[in-house]
Every structure is written in C-alpha cells, then in structure tokens.
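Asks: Could you work out the structure for the sequence below:
(one chain, ligands or ions: 1)
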Amino acid sequence: MEINKTILYINFLALLALSFATMILNKRLRLTKTTIPSLPPGLMGYPIVGCFPEMMKNKPAFRWIHRFMQEINTEIACFRLGNAYVIPVTSPELAREFLKKHDVIFASRPDALSAKLTSNGYLTAIFSPNGDQWKKMRRVLTSEVLSPAMHRWLYGKRCEEADHMIRYVYKQCQSQFTDGLVNVRVVAQHYCGNLARKLIFSKRFFGTGMEDGGPGVEEKEHLHGIFTILKYVYGLGIADYLPWLEVLDLDGHKTILKNAIKSVRKYQDSEIDKRVDMWQQGIRKTEEDVLDVLINLKDANNIPLLSIEEIKAEIIEIMLAAIDNPSNAVEWALAEMINQPDILHRACQELDQVVGRDRLVDESDLSKLNYMKACAKEAFRLHPMVPFNVPHVSSKDTIAGGYFIPKGSQVLLSRLGLGRNPRIWEDPLVYKPERHIVNKNSEVVLVDHELHMLSFSTGRRGCPGIVLGSTMTTILLARLIQGFNWSAPPNGQSNIDLTESEGDMVKATPLIAHAAPRLEPHVYLKLLS
Ligand code: HEM
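Replies: Numbering: from 1, shown residues only. Now for the predicted structure:
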C-alpha cells in the first residue's frame, strides 16, 4: 500500500515535471515564432539625449540624416532624439504602409514646443494631436474654408491677385531702372502672400504697399515672419525633443520662433480684433471673406463655434499652409525651364493653343493645360519646399516594413528622399515634366496619393487644401509664362544657377531673370487702366 502510494506520488511528480517542461518548451517555441522584429537600422546615440550631439555637429540635420541613410543603403531608418524614435522614410511602399495601411495609427502629431507655440497651445488643425480639437478645426477647414462652394465664392479675389501680379511684373519690365530684370522670388511670394491676405482679410496690403504694386514694409515683415516660422516649426530643435532644456533655449529656436510669431500676429490680430468688433457693433452685415465666415460659424446651440483665439491661431496656420509651397515651386520651375528652352517653348505653345495671346490665362483654362501642370508637379517632385513631411506619430506599437515601430515614434516621410528616389524615378535629378504625362487623355493632377512623391500627402492628415494649392501654383506659373518671355540675365551668364541652399531646400540665390511682355499690348493696358 505504502509502495503504491510512493509510486503514485512519483508518477504525479513526473507528470507535473513533464507538463512544466512542455509548458516552458511551448512558451519558448511561441516566443521564437513571435519574436519582436527589430527597430529600423539607425543610431541610438547617447543616453538621455540620443543623437543630438551628432546632429549638432552635422548641421543641417536633414542632409546628415539622408547621407547616413544612403551610406547604409536603407529607405527607412531610426534615430533616437531624447525619448523619441524619429523614423525617416524614403520609400513609397513604406510610406503607403504608414499613411494608407496604418493611417489610423499614425494620425497624430508630436507634442513639440515649436508646434505648441505656433498653434497657441494646439488650437489648430495641422499641429493638433489626434483628438476632438483636431477634428473640429479640420472640419471647419474642409467644410467651410476650403469647400468647393467657398472656392467658387472666392474666385473673384483670386483673379484680382493674379491680375495684380501681371501688372507688377509688367511695370518692372517697362521701368527704366530695372533693365527688364525681375526678382521672381519676390514676385511669387508677393502673389501668394497677397492672395492669402485677400482671401482672409479682403486686403492685399496691411499698409499702403509700394507705388509699383510691390510689397511694403508691412508685407515684407509679415512674409519674413511666416517663412521664419516655417523654417523652425518641427525644425528638429532641441526643446522639441528635450522639453526640460526649454528654458536654456540652447539652439535659439524658441526665441526666433516667438519673435516671428509676434511679428505675424502684430498685423493679423489687430485686423481680426477690428473685424470682430464690427460684427458685434452691427457695423458689418454681410460676409465677404474667410475671416467673416470664421467669425460667424455657430455650433448646434447657436453659440460661436470658434473662440477669437482659435480664429487667430487658425489664420496663422492658413498663412503658413498657403504661401511657401506654391511660391517655391514656381520659382524653381521657371528657373529650370529657362535652362531648358525646349520645355519653356512647349509650355508656351500649349498656352498659345489653349488661350492665345489676346487674353490672360484664367483658372477655367487650367484643366486643358496638362503640360503646364506637369511642369508644376515636376517642381514639387524635385524641389520640395522642405525636406520632410509634417511628422506623424504612432498611437500604438506597430510592425511596418517588417520593423518594430514603438508607440510614440515620429514618422517623417522624406519629401526629398521620395521625390529623388533613384529606384522610382529615372534620372531623378533631371527636371523632366513629361514623366508625369501618362497618356494624352489622362489629366495631370498635382497630388500623388500613391506617394511616389510627396506634394500634398494623403490619408486622414493629408492636405485639405489640394484644390486651392494646385490652383494657386498652376495659375501663377501659367500667368508668368504666358505673360512674359523669360531669359537668363544678359550679364555673360547663359544659364540660371540652380544650386540649392545648403541649410534648406530653396534655390541658393533668388531667381532673377529677364522678362519681356509677350502678349498683345492691350492685355496689359487693360490692367493698368
Ligand atoms: C501647393 C500648396 C500646398 C501644398 C504642397 C501642401 C502640402 C501639405 C502637406 C504635405 C501636408 C501634410 C500632410 C501630412 O501630414 O501627411 C499638408 C497639410 C495641411 N495643409 Fe496643405 N498644402 C498646400 C496648400 C494648402 C492650403 C492652401 C491650405 C489651406 C488654406 C492647406 C491646409 C493644410 C492643412 C490644414 C493641413 C493639415 C491637415 C491635418 O493635419 O489634418 N494646405 N499640406
């Protein structure tokens, strides 16, 4: 009896050991089967600060990041900056994984000092993390500011600024002081700034402007502020990743950004305050522009939908969104086209066929100007305004491209890397608009939802301003090319210097080119009268 009990006991223990061993083995097997993939290749840097010391040594950071990726031959990488994993991507297939397959997971924005300052505490659409405030502001933009009905309603204001731009260039051609030389950067930025101010405030100038129609001191300061904010927001600044170093402002970004925001708000906020007052006093009764619309939006309880602070912050954001990309693309496109006269000639031919020389090209012609649109699109591909897209932050651990992407990672789709990826684009550094014309019957559009290049991006956080942005870019380029014969300045220099600035991606020197009227004189005279 005793012996039987012992045997039973031993058997029981053996069974227990066996099940325990099986359990461990199973767990091991499970583990090997579901081993977590590694992070994308890259650099972790030093404890706490990550790669910042390396980045500070190798300015500008975006060129260092792209060089590093090329050296290790990867289209996705991972750099640790403070506590965050920053993941640059140059492959369209991977870009689609992030913004199409995992769009919901990557629909947030980082908590970053530069974005917080610019949006006055995340009041606006571009900078808000995924959540109610983002949804509210994005809805306001898509259904109120950028809706098709609003686009039609604002047509007259866009025409006024397209006409003003031609008048301004024409006066420079005719002036005895300029020898027909025109600073195309000033013209393009002036047009985009004027248009944004006109759509929002119904005015071109905050002051009185210049006699020749050019920007006055006020517009110069306003634009300078806008471009400074654009350079520093999400500009890989130290305090964006190491918030406890904010007070020291080691790289100076905080001070620069605060001053720029102040100079922009100085002009805009006083206009907004005056207008709100007019509505409250009953002096203004009809809506004439975007500001009126924003002020009068009501929620379900008939209470103003937007606070004055939200309106002020959103208007800064619209300015940031509308001015830089179109002006930069048009300056580059024209510079490239002057250096390749065949392309310029083909664009002129298309304009002559579709519009003629008896009237100015109009927005209603744009659907027939496929080659012109290809020229603009090619400038977006080869010369994006900024190297990276706005950051997308993951809301949970994800596997993408076979790599582990931890929650909170910041994915930076590289506009530079996608547009110049030699695996995707033949002769990637050559300006070749034809590459966007698939066949004669398909219309060229400036957006690429497949992310072979990144102009307006795609998905939940994709640009809601595609129609306005495409219209501004194409009409500006078409008007400049239709209105004037362009050539390199006659100073022994036969070509335009296409060197890119080292610190960012704009043309190192502004495009200064010779312009001569190419339309019937009455077309210009009508604008002058
Ligand atoms: C040629 C002109 C433009 C280009 C190339 C452009 C490009 C872009 C890009 C690349 C993004 C980031 C998308 C992402 O995070 O994946 C974006 C976002 C945005 N754009 Fe544009 N944009 C242009 C014009 C405009 C205009 C005219 C407006 C409005 C007035 C606008 C409003 C916005 C807004 C609100 C967002 C943020 C969307 C969000 O986070 O939900 N854009 N744009």
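Asks: Flag every residue of the stretch 51-200 of the chain that's near the ligand.
Replies: Counting by Cβ under 6 Å from any ligand atom, the residues of the stretch 51-200 of the chain close to the ligand are 125-126, 138, 141, 146. In this view, the C-beta of every residue, glycine as well, is placed from N, C-alpha and C.
Asks: Output these as JSON lines; include the columns neighbour count, secondary structure and pLDDT.
Replies: Converted to JSON lines, those look like this (neighbours: other Cβ atoms under 10 Å; DSSP: H, G, I helix; E, B strand; the rest coil; pLDDT from 0 to 100):
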{"residue": "Ala125", "neighbour count": "25", "secondary structure": "coil", "pLDDT": "98"}
{"residue": "Ile126", "neighbour count": "23", "secondary structure": "coil", "pLDDT": "98"}
{"residue": "Arg138", "neighbour count": "17", "secondary structure": "helix", "pLDDT": "98"}
{"residue": "Leu141", "neighbour count": "19", "secondary structure": "helix", "pLDDT": "98"}
{"residue": "Leu146", "neighbour count": "21", "secondary structure": "coil", "pLDDT": "98"}
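Asks: ok, which stretches of the stretch 301-450 of the chain are strands?
Replies: Assignment of strands within the stretch 301-450 of the chain using DSSP state E, counting those that start in this stretch yields the ranges 392-393, 398-400, 403-405, 410-413.
Asks: and among these, the most buried is which?
Replies: Highest mean neighbour count of those: strand 410-413, a mean of 25 (counted as mean count of other Cβ atoms under 10 Å).
Asks: any bit of that one sitting next to the ligand?
Replies: No. Counting by Cβ under 6 Å from any ligand atom, the ligand has no neighbours in strand 410-413; the shortest distance is 7.0 Å.
Asks: Could you list every helix and strand that that strand packs against?
Replies: Applying 3 or more Cβ pairs under 8 Å, 6 or more residues apart in numbering; DSSP states H and E, we find strand 410-413 packed against strand 84-89, strand 392-393.
Asks: if we go to 7 Å?
Replies: strand 84-89 (3 or more Cβ pairs under 7 Å, 6 or more residues apart in numbering; DSSP states H and E).
Asks: possible to save the strands of the stretch 301-450 of the chain as CSV with mean pLDDT?
Replies: Shown next, in CSV, are the strands of the stretch 301-450 of the chain (pLDDT from 0 to 100):
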stretch, mean pLDDT
strand 392-393, 98
strand 398-400, 97
strand 403-405, 98
strand 410-413, 98
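Asks: sorry, back to before: sort out which one of the residues of the stretch 51-200 of the chain next to the ligand lies nearest Ile405 for me.
Replies: Closest to Ile405 out of those is Ile126 (22.3 Å), distances taken as Cβ to Cβ.
Asks: how about the residues of the stretch 301-450 of the chain near the ligand?
Replies: Going by Cβ under 6 Å from any ligand atom, the residues of the stretch 301-450 of the chain near the ligand are 318, 321-322, 325-326, 389-390.
Asks: about what we covered before: now for the residues of the stretch 51-200 of the chain next to the ligand: which two are most distant?
Replies: Using Cβ to Cβ, these reach their maximum pairwise distance at Ile126 and Leu146, which is 13.0 Å.
Asks: Ranking by neighbours, what's the top pick from the residues of the stretch 301-450 of the chain next to the ligand?
Replies: With neighbours set by other Cβ atoms under 10 Å, the maximum within those is found at Pro326, which has 29 neighbours.
Asks: Return the set of buried residues in stretch 105-121.
Replies: Of all the residues in stretch 105-121, those buried under the rule 16 or more other Cβ atoms under 10 Å are 105-110, 112-120.
Asks: So what would you say the end-to-end distance of it is?
Replies: One end of stretch 105-121 to the other measures 23 Å (Cα to Cα, to the nearest Å).
Asks: do stretch 504-518 as well
Replies: Using Cα to Cα, one end of stretch 504-518 lies 34 Å from the other.
Asks: Which positions within it qualify as buried?
Replies: For stretch 504-518, the neighbour count (16+ other Cβ under 10 Å) marks 504-507, 510-515, 517-518 as buried.
Asks: related to what we said a few turns ago, out of the residues of the stretch 51-200 of the chain next to the ligand, who's nearest Thr499?
Replies: Nearest to Thr499 among these: Ile126, at 30.3 Å, using Cβ to Cβ.
Asks: Relative to Lys285, how far out is the closest one?
Replies: 32 Å (Cβ to Cβ, to the nearest Å).
Asks: Distance-wise, check the closest residue in space to Pro41 that isn't next to it in sequence relative to Lys440.
Replies: Take Pro41 and drop its neighbours on the chain: the residue closest to it by Cβ to Cβ, 6 or more residues apart in numbering is Thr74, 5.3 Å away. Taking Cβ to Cβ as the measure, Thr74 falls 38 Å from Lys440.
Asks: Which residue of the two possesses the greater neighbour count?
Replies: Each of Thr74 and Lys440 has its neighbours counted (other Cβ under 10 Å); Thr74 has more, 17 against 6.
Asks: which regions of the stretch 301-450 of the chain sit below the pLDDT cut-off?
Replies: Along the stretch 301-450 of the chain, segments meeting pLDDT under 70 are nowhere present.
Asks: Name the residues of stretch 473-491 that are buried.
Replies: 473-484, 486-488.
Asks: quick one: which of those residues is nearest the ligand?
Replies: Of all the buried residues of stretch 473-491, Thr473 has the smallest distance to the ligand: 5.0 Å, by Cβ to the nearest ligand atom.
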